[in-house]
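Participant: fold the following.
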Amino acid sequence: MDATQTMIQLEDVSKRFPDGTVAVQPLDLSVPRGEIVCLVGPSGCGKTTTMKMVNRLVEPTTGRIVLDGEDVTRVDPVQLRRRTGYVIQQVGLFPHQRVWENVATVPSLLGWDRARRRSRADELLELVGLEPGVYRDRWPAQLSGGQRQRVGVARALAADPPVLLMDEPFSAIDPIARDRLQTEFLRVQEQVRKTILFVTHDIDEAVRLGDRIAVFRQGGVLEQYDAPATVLGAPATPFVADFVGADRGLRRLAVTGIDTAELDKPPVVAVDDSLAEARTTLAGAGARFALVLDADTRLHGYVDADRLAGEGSVADRVRRLPAAVSADATLKAAMGELLQHDAGWVAVLEPGTDRYLGVLTPSSLHAALRHSVDADTDGR
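Facilitator: Just a heads-up that it's a prediction; the model follows:
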């Protein structure tokens, strides 16, 4: 990996505790600038210890850790932590401070004046989806668990650190709030583009959030470090295959995009065609259904042969096609549309314009997933 693109570099880093316990075996790990790297594995596998060595909450036994070109094992750990954002499972907000004061904790330590701290807190509360006028002066006890986690993320971003370390930040939240927090987290990352080490025990969370996944096993051994689709499609070891689960093919749907070159192309008719013209089109294609498009190739629905008798226009007989997704969606979203609407196909539309591109069927969905898996397997 190009060193100029690397924000965090772990070189032969290990951790052995005084009682002889090995928490992390010697490992090398490069974290690209602006990416989310998820550390996953069972309890006690060394993922949290690995993350804590980056800001020296845990001192490494061997090796060195380079953060944006600087060896952090040679700098003042207190100063290091002030320029490294840190978010933990239980947040740890100060109960005697209002929300905005919690967010401004590090700026306060850095000597920012009150007006600047308050302005920065408002900016970050807005960023994480908490209206400053509503939430800035509340106490932590007045917030829900999900709101406290948002404040924790805002606090970690307050001094604009290049790196965020996140230790199972959403694991104590109920599933619905957790899903919303993950969505909000990805939205925030699109704006701030931090380099993030994210510890989780949940492979589904890692697949959804991570640009790359590092899979650890007990004893602090790094088993695989790859893109989520590769971890799911081509596990490097039997341990990884077992950890990601027998249903990894279904999980892979969430990280596999739609290839528009492989879409099915059923017959189409124009919305202003006559019924006679539509009957001719269907007969020529040997099909019973056709999609209905306008002059700009926007999808209006579909017609079937049983509704084309007599005289008139296709516009009078068109039926709504309930299942549709944007071409920038995942195969999981397409499968969800098929299942939700009990449909035989899902229309794929051009992002931003809703112009029709083709359809996915259950068989073409399976073929697309198989093709993606085979491509990863062949590349190993």
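Participant: where does pLDDT dip in the stretch 51-200 of the chain?
Facilitator: Applying pLDDT under 70 to the stretch 51-200 of the chain flags no residue at all.
Participant: can you give me the helices for it?
Facilitator: For the stretch 51-200 of the chain, the helices defined by DSSP state H, counting those that start in this stretch cover 77-82, 99-103, 105-109, 114-127, 132-135, 145-157, 175-192.
Participant: now those as JSON lines including mean neighbour count?
Facilitator: In short, each C-beta sits where N, CA and C put it, glycine included. Converted to JSON lines, the helices of the stretch 51-200 of the chain look like this (neighbours: other CB atoms under 10 Å):
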{"stretch": "helix 77-82", "mean neighbour count": "14"}
{"stretch": "helix 99-103", "mean neighbour count": "25"}
{"stretch": "helix 105-109", "mean neighbour count": "18"}
{"stretch": "helix 114-127", "mean neighbour count": "17"}
{"stretch": "helix 132-135", "mean neighbour count": "16"}
{"stretch": "helix 145-157", "mean neighbour count": "23"}
{"stretch": "helix 175-192", "mean neighbour count": "14"}
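Participant: can I get those in TSV with distance to residue 92?
Facilitator: Listed next are the helices of the stretch 51-200 of the chain as TSV, based on distance: least, CB to CB, whole Å:
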stretch	distance to residue 92
helix 77-82	14
helix 99-103	9
helix 105-109	10
helix 114-127	17
helix 132-135	18
helix 145-157	7
helix 175-192	17
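Participant: could you find the closest non-adjacent residue to the residue nearest to the spatial centre of the chain?
Facilitator: Geometric centre of the chain, nearest residue: residue 209, 2.8 Å, by CA atoms, centre = their mean. Nearest non-adjacent residue to residue 209, counting by CB to CB, 6 or more residues apart in numbering: residue 36, 5.6 Å away.
Participant: isn't there a helix covering residue 215?
Facilitator: No: counting by DSSP: H, G, I helix; E, B strand; the rest coil, residue 215 is not found in a helix; it is strand.
Participant: what ranges do the strands span in the stretch 251-380 of the chain?
Facilitator: Taking DSSP state E, counting those that start in this stretch to define them, one finds strands in the stretch 251-380 of the chain at 268-270, 289-293, 299-304, 324-326, 346-349, 356-360.
Participant: can you list the helices and strands that the last one packs against?
Facilitator: The one in question is strand 356-360. The criterion is 3 or more CB pairs under 8 Å, 6 or more residues apart in numbering; DSSP states H and E, and the helices and strands that strand 356-360 contacts are strand 289-293, helix 331-341, strand 346-349.
Participant: other residues contacting it?
Facilitator: For strand 356-360, contacts defined as CB atoms under 8 Å, 6 or more residues apart in numbering pick out 258, 260, 263-266, 268, 291, 293, 297-299, 327, 331, 334, 338, 345-350, 368.
Participant: narrow those residues to those that are buried.
Facilitator: When the contacts of strand 356-360 are checked for burial by 16 or more other CB atoms under 10 Å, the buried set is 258, 263, 266, 268, 291, 293, 299, 327, 331, 334, 338, 345-349, 368.
Participant: before we move on, the earlier item: so who does the residue nearest to the centre of the chain touch?
Facilitator: Residues counted as contacts of residue 209 (CB under 8 Å, 6+ apart) are 36, 38, 182, 185-186, 198, 200.
Participant: cutoff 7 Å now
Facilitator: Contacts for residue 209 were tallied using CB atoms under 7 Å, 6 or more residues apart in numbering; they are 36, 38, 182, 185-186, 198.
Participant: for residue 173, same thing?
Facilitator: Per CB under 7 Å, 6+ apart, neighbours of residue 173: 145-146, 149, 181.
Participant: can you check residue 45 too?
Facilitator: With CB under 7 Å, 6+ apart, residue 45 has these contacts: 216-218, 220.
Participant: can you rerun that using 8 Å?
Facilitator: Residue 45 sits next to 216-221 when contact means CB under 8 Å, 6+ apart.
Participant: ok, and the closest non-adjacent residue to it?
Facilitator: residue 216 (4.1 Å).
Participant: assess the claim that that neighbour and residue 38 are in contact.
Facilitator: No: in this structure, residue 216 is not within contact of residue 38 by CB atoms under 8 Å, at 11.0 Å.
Participant: now residue 326. Nearest residue, chain neighbours left out?
Facilitator: Counting by CB to CB, 6+ apart, residue 351 is the residue found nearest to residue 326 once chain neighbours are left out, at 4.8 Å.
Participant: for the one you found, grab the count of nearby residues.
Facilitator: 11 (other CB atoms under 10 Å).
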